[in-house]
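K.L.:
I'll drop the sequence and a predicted model, then ask my questions.
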Amino acid sequence: MTRPGEPLPTLMVVPTGIGCELGGYAGDAVPAARLLAAASGCLITHPNVMNGASLYWSDPRIHYVEGSSLDRFATGELALEPVRSQRIGLLLDAGIEEELRLRHLQVADGCRASLGLNIGPIETTTAPIGVSLSQGESGASWGQLQRPDLLLEAGERLRDAGATAIAVIARFPDDPGSEALTAYRQGGGVDALAGAEAVISHWLSRQLNLPCAHAPALSPLEMDPQLDPRAAGEELGYTFLPCVLVGLSRAPSLRPAAEASAEAIRPEQIGAVVAPAGALGGAAVLACAERGVPVIAVDSPCVLSVTAEALGIEALPASSYSEAAGLVLALREGISPAALRRPLLRLG
Amino acid sequence: MSAALPGFRSLALTLACEPGPLLPQIEAELRHHGEPLRWAITDAVCRADGSRELTLEAMVHQPALLV
């Protein structure tokens, strides 16, 4: 039985690569996630929300679940089993130059030494996986891999060697002079890397049923005095890896819902889903909406306008993540959100 | 014609949905093209009869592409 005040498992979804005003940059949705975690007592969210390159936040109430696994959780296929720690395998793309590879290995060593994370084994793909970037008609970022088979083979070797989670580091194309990168660093446009990153982690996580997350390997950029604070997390170090390792270190294990233990977070426990108001057209939000789980649509402009009205689903509007947290808290306490708005119409 | 490596294919398509849950209709459509890996509705238009026209962008996995 669920009593008022008990944790209300809540999904927070900020789709990747669509330029959300809050959450479209380098972990700039972390404060909102922390607030929603405090309001709900149990927040399930994905790397795009939590990853700030060298910046991260660890909270036992926040469950770090790769995007396609979060979709499979929302649709009822998977349950999430909390763990004390994961053994993180490092999967390196053979396309990474030696010095850049060493930078990543030193970050992993630093996380072992300073944070006590359990990292290793390490595998390298047998040839470069060939990441390329693209943009859809909508303006959303996408990407492609020339050799997904090599990525999967290396992931299988890690799993067979005992890894229970996988951090992937793939060489991404450098494009330091591009307008898109300049705009992103100055707080506009979409994250051009994000779509390809999602494809990589979705592919591995779906195939291996392990928690996975991705860090792009890139050459350092020249300093930009106009750098937007939301993008600054990615300019503090040589890699984007620390947040991935910290996130995966306590990511819940993925279990078929029918086989989950009593401690698992189960799909039918989801009490709310929070997402940008113009980006409700993904599997997790639709699955929740179609099961009657309250959808909280937050005003956070992005390149899409796929609203609750356009999709014909019901949603509770929130003008900010602060308001969304208030609505989550109301649901957790068993207070009708309608009672918090005016006018309050008569029954009948 | 020869067997190629397994690969990903990007799609942009329009889907006319019947009234009712959208998710099963979207997943069924995408499975015609491969195993859905990542997708999003990028536009939605509601018609007078209650049906919806959705614009989708997607990446699907095709295990055995033939070239």
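P.N.:
Everything's here; your move.
K.L.:
Tell me which residue of chain A lies closest to chain B.
P.N.:
Closest residue of chain A to chain B, C-beta to the nearest C-beta: A:Gly281 (2.7 Å). C-betas here are computed from N, CA, C, even on glycine.
K.L.:
ok, how many other residues are close to that residue?
P.N.:
27 (other C-beta atoms under 10 Å in any protein chain shown).
K.L.:
Leaving out chain neighbours, which residue sits closest to it?
P.N.:
Leaving aside its sequence neighbours, A:Gly281 sits nearest to B:Ile41 (C-beta to C-beta, 6 or more residues apart in numbering or on different chains; 2.7 Å).
K.L.:
Now name the helix or strand holding the one you found.
P.N.:
Assigned by DSSP states H and E, B:Ile41 belongs to strand B:35-46.
K.L.:
helices or strands up against that strand?
P.N.:
Under the contact criterion of 3 or more C-beta pairs under 8 Å, 6 or more residues apart in numbering or on different chains; DSSP states H and E, strand B:35-46 touches helix A:67-74, helix A:194-208, helix A:308-311, helix B:23-31, strand B:52-62.
K.L.:
Can you list the strands that that strand pairs with?
P.N.:
Strands that pair with strand B:35-46, judged by DSSP bridges, come out as strand B:52-62 (antiparallel).
K.L.:
returning to what we had before: which one of the helices and strands packed on strand B:35-46 lies nearest to A:Ser261?
P.N.:
helix A:67-74 (15.1 Å; C-beta to C-beta).
K.L.:
the inter-axis angle of the closest one versus helix A:194-208?
P.N.:
60 degrees (axes from the mean of the first three to the mean of the last three C-alpha atoms, to 10 degrees).
K.L.:
what's helix A:67-74 in contact with?
P.N.:
A:11, A:13, A:16, A:44-48, A:65, A:78-80, A:198, A:201-202, A:205-206, A:211, A:254, A:267, A:270, A:273, A:282-285, A:287-288, B:37-38 (C-beta atoms under 8 Å, 6 or more residues apart in numbering or on different chains).
K.L.:
just checking, which of those belong to helices?
P.N.:
A:47-48, A:198, A:201-202, A:205-206, A:283-285, A:287-288 (DSSP state H).
K.L.:
I'd like the residues you listed as JSON lines, with neighbour count, pLDDT and distance to A:Leu344 appended.
P.N.:
As requested, the ones in helices among the contacts of helix A:67-74 are exported to JSON lines (neighbours: other C-beta atoms under 10 Å in any protein chain shown; pLDDT from 0 to 100; distance: C-beta to C-beta, whole Å):
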{"residue": "A:Pro47", "neighbour count": "27", "pLDDT": "96", "distance to A:Leu344": "40"}
{"residue": "A:Asn48", "neighbour count": "26", "pLDDT": "94", "distance to A:Leu344": "37"}
{"residue": "A:Ala198", "neighbour count": "26", "pLDDT": "94", "distance to A:Leu344": "42"}
{"residue": "A:Ser201", "neighbour count": "26", "pLDDT": "96", "distance to A:Leu344": "44"}
{"residue": "A:His202", "neighbour count": "22", "pLDDT": "95", "distance to A:Leu344": "43"}
{"residue": "A:Ser205", "neighbour count": "26", "pLDDT": "96", "distance to A:Leu344": "44"}
{"residue": "A:Arg206", "neighbour count": "20", "pLDDT": "95", "distance to A:Leu344": "45"}
{"residue": "A:Ala283", "neighbour count": "23", "pLDDT": "97", "distance to A:Leu344": "34"}
{"residue": "A:Ala284", "neighbour count": "26", "pLDDT": "98", "distance to A:Leu344": "31"}
{"residue": "A:Val285", "neighbour count": "30", "pLDDT": "98", "distance to A:Leu344": "27"}
{"residue": "A:Ala287", "neighbour count": "23", "pLDDT": "98", "distance to A:Leu344": "31"}
{"residue": "A:Cys288", "neighbour count": "24", "pLDDT": "98", "distance to A:Leu344": "26"}
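K.L.:
Of the residues you listed, which is the nearest to A:Ile313?
P.N.:
A:Val285 (8.0 Å).
K.L.:
give the contact list for the closest one.
P.N.:
A:13, A:74, A:273, A:275, A:295, A:313.
K.L.:
Save those residues as TSV, and put in neighbour count and pLDDT too.
P.N.:
Formatted as TSV, the contacts of A:Val285 follow (neighbours: other C-beta atoms under 10 Å in any protein chain shown; pLDDT from 0 to 100):
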residue	neighbour count	pLDDT
A:Val13	27	98
A:Ala74	26	98
A:Val273	25	98
A:Ala275	27	98
A:Val295	24	98
A:Ile313	19	95
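K.L.:
related to what we said a few turns ago, how about the ones in helices among the contacts of helix A:67-74, which pair is most distant?
P.N.:
A:Ser201 and A:Cys288 (21.4 Å).
K.L.:
Please identify which helix or strand holds A:Glu314.
P.N.:
Going by DSSP H and E, A:Glu314 is not in any helix or strand.
K.L.:
In contact with it, which residues?
P.N.:
A:289, A:295, A:308.
K.L.:
Same list (those residues) but as a markdown table, adding distance to chain B.
P.N.:
Output for the contacts of A:Glu314, formatted as a markdown table (distance: C-beta to the nearest C-beta, whole Å):
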| residue | distance to chain B |
| --- | --- |
| A:Ala289 | 9 |
| A:Val295 | 13 |
| A:Ala308 | 10 |
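K.L.:
Which member of those residues is positioned nearest A:Tyr56?
P.N.:
The shortest approach to A:Tyr56 among those belongs to A:Val295, at 27.7 Å (C-beta to C-beta).
K.L.:
So what sits opposite the closest one in the bridge?
P.N.:
Applying DSSP bridges, one finds that A:Val295 bridges with A:Val273.
K.L.:
Tell me if I'm right that it and A:Leu311 touch.
P.N.:
No. Between A:Val295 and A:Leu311 there is no contact under C-beta atoms under 8 Å: 9.7 Å.
K.L.:
list residues touching both of those two?
P.N.:
The contact lists of A:Val295 and A:Leu311 share A:280, A:289, where a contact means C-beta under 8 Å, 6+ apart.
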